[in-house]
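Enquirer: Got a predicted model here, sequence first, then my questions.
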Amino acid sequence: MEQQKLPNATLILVFGIISIVTCCCYGVLGLIFGIIAMVMAKKATATYMANPEQYSGYQNVKTGKILAIIGIILNVIYLGYTIFLFATLGADGIMNMNQEMLEQYGM
């Protein structure tokens, strides 16, 4: 019997990569992609473990899960940093900080 490709294996990998790449979007967008990838990886792992000889592509699921974990950690750190900045400086302080950096680098 021919092996089937594991459902959503490639999508889990792509979502894991997106969760890392979008970690600088205030930590929210990447966190969403990371959580979705983790949920999908859990379902794909359960499907694979039920009948491993029937499916291929489990390596993509494992890699995507690792990337999603890294993305979630990075996004939580960045989200915490953003919340810290808003709590200490406020929105006006952050705008002034951005303006000072633009003037400093001559942009």
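Expert: Cool, got the structure.
Enquirer: Could I get the contacting residues of the residue nearest the centre of the chain?
Expert: In the chain, the residue lying closest to the centroid (CA atoms, centre = their mean) is S19, at 2.1 Å. Applying CB atoms under 8 Å, 6 or more residues apart in numbering to S19 gives the contacts G30, L31, F33, G34, A37, L67, A68, I70, G71, I72, N75. No exception for glycine: its C-beta is placed from N, CA and C like everyone else's.
Enquirer: so the second one sits right up against G80, yeah?
Expert: This means L31. No - assessed by CB atoms under 8 Å, L31 is found out of contact with G80, at 11.2 Å.
Enquirer: Of those two, which one has the most company?
Expert: Between L31 and G80, counted using other CB atoms under 10 Å, the more crowded position is L31 (21 against 11).
Enquirer: so what's that one closest to, chain neighbours aside?
Expert: With sequence-adjacent residues excluded and distances taken as CB to CB, 6 or more residues apart in numbering, L31 is closest to N75, at 4.1 Å.
Enquirer: how near is that neighbour to N8?
Expert: 21 Å (CB to CB, to the nearest Å).
Enquirer: and what of G106?
Expert: In this view, G106 and N8 are 48 Å apart by CB to CB.
Enquirer: Which one of these two is surrounded by more residues?
Expert: A side-by-side neighbour count of G106 and N8, using other CB under 10 Å, places N8 first with 20 against 5.
Enquirer: okay, the more buried one: pLDDT?
Expert: Per-residue pLDDT puts N8 at 92.
Enquirer: my read: it touches M40, true?
Expert: Yes - the pair N8 / M40 is scored as a contact, 5.2 Å apart, by CB under 8 Å.
Enquirer: ok, G27 touching L79?
Expert: Yes - taking contacts as CB under 8 Å, G27 lies within contact range of L79: 2.9 Å.
Enquirer: Compare the two and say which one has the larger neighbour count.
Expert: Shown here are G27 and L79; by other CB under 10 Å, G27 has more neighbours (20 against 17).
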